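A.B. asks: Fold the following.
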Amino acid sequence: MINFLNSPLFAGLSTIITGAGAYGVYWLQQKNKKIQAARVLLTEIRIAEDRIEQIRDKISSNSTLDLPSVFPTKSWKTYSHLFISDFDQDELDVVNSFYDYGELVEEFAKRNNDFFWLNVEERGKVTIQKLGEFIAQAFDKSDSDGEIKNKREFLSNGFDNYNLPYIPQKTSAGVQSYLSKIQRITTTSCGTKLKKLAKLS
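C.D. replies: Modelled structure (predicted):
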């Protein structure tokens, strides 16, 4: 027995068993990593699809104020290598396009939101400037004809009706253009495979 424990055969068998055990642990870790990655991607894609719908609704109703960001995170670049063998080329193209066009929509939405706040700030400056002018006029003359009062009422009420926020047409058109190219992932074969990989179906 002692001779067997000291033999090259035993050394070889123990190396094979240790190697197989290490490979088994590695394989389980990789499998768990893929399951977790699939769950992260599925959650991220569902959130992005909801936000894309919100943007689509706002654009179609000309209510382009405060458009949401599309992606909470961008995990596809981090995890895509884990799914190369699970998706065919067409499915990979669908997911890549979803993320690429989603990022472009997000960029245009951010520009849109920035324009809105710049516009609000500029409008505030103009309002304060005009109020200053009306106050100066009030000190210089009486308001017997009601001119100053009318201007003050216009600033209080009418200004909002005539000074709508400026949204550049190019930004709005860019959002619409890329929205039309985005395909829902969760209803495709990619979504079905992700759900299976995430152990959710």
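
A.B. asks: secondary structure element for the nearest residue to residue 84 once chain neighbours are set aside?
C.D. replies: Excluding the flanking residues, the one nearest residue 84 by CB to CB, 6 or more residues apart in numbering is residue 92, at 7.5 Å. Every C-beta, even on glycine, is put in place using the N, C-alpha and C of the backbone. Using DSSP states H and E, residue 92 sits within helix 89-140.

A.B. asks: what sits against residue 73?
C.D. replies: residue 44 (CB atoms under 8 Å, 6 or more residues apart in numbering).

A.B. asks: for it, phi and psi?
C.D. replies: phi -140, psi 170 (degrees, to the nearest 10).

A.B. asks: From residue 103, how far off is it?
C.D. replies: As judged by CB to CB, to the nearest Å, residue 73 and residue 103 stand 12 Å apart.

A.B. asks: And residue 66, by the same measure?
C.D. replies: For residue 66 relative to residue 103 (CB to CB), the value is 19 Å.

A.B. asks: For residue 81, the count of nearby residues, please.
C.D. replies: 9 (other CB atoms under 10 Å).

A.B. asks: out of everything not next to it in sequence, what's closest to residue 182?
C.D. replies: That would be residue 101: by CB to CB, 6+ apart, it lies 4.8 Å from residue 182.

A.B. asks: residues touching the one you found, list them.
C.D. replies: 178, 181-182.

A.B. asks: Check the model's average confidence along stretch 172-179 for me.
C.D. replies: Per-residue pLDDT over stretch 172-179 has a mean of 79.

A.B. asks: Now do residue 110, the pLDDT please.
C.D. replies: Residue 110 is assigned a predicted lDDT (pLDDT) of 82.

A.B. asks: again, but for residue 36
C.D. replies: On the pLDDT scale, residue 36 gets 92.

A.B. asks: Repeat that for residue 66.
C.D. replies: 77.

A.B. asks: in terms of contact, does it touch residue 113 like I think?
C.D. replies: Yes: with contact defined as CB atoms under 8 Å, residue 66 counts as touching residue 113 (6.1 Å).

A.B. asks: May I see the contacts of residue 101 arranged in JSON lines, with neighbour count, secondary structure and distance to residue 129 as well?
C.D. replies: Below are the contacts of residue 101 laid out as JSON lines (neighbours: other CB atoms under 10 Å; DSSP: H, G, I helix; E, B strand; the rest coil; distance: CB to CB, whole Å):
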{"residue": "178", "neighbour count": "20", "secondary structure": "helix", "distance to residue 129": "38"}
{"residue": "181", "neighbour count": "13", "secondary structure": "coil", "distance to residue 129": "44"}
{"residue": "182", "neighbour count": "21", "secondary structure": "coil", "distance to residue 129": "43"}
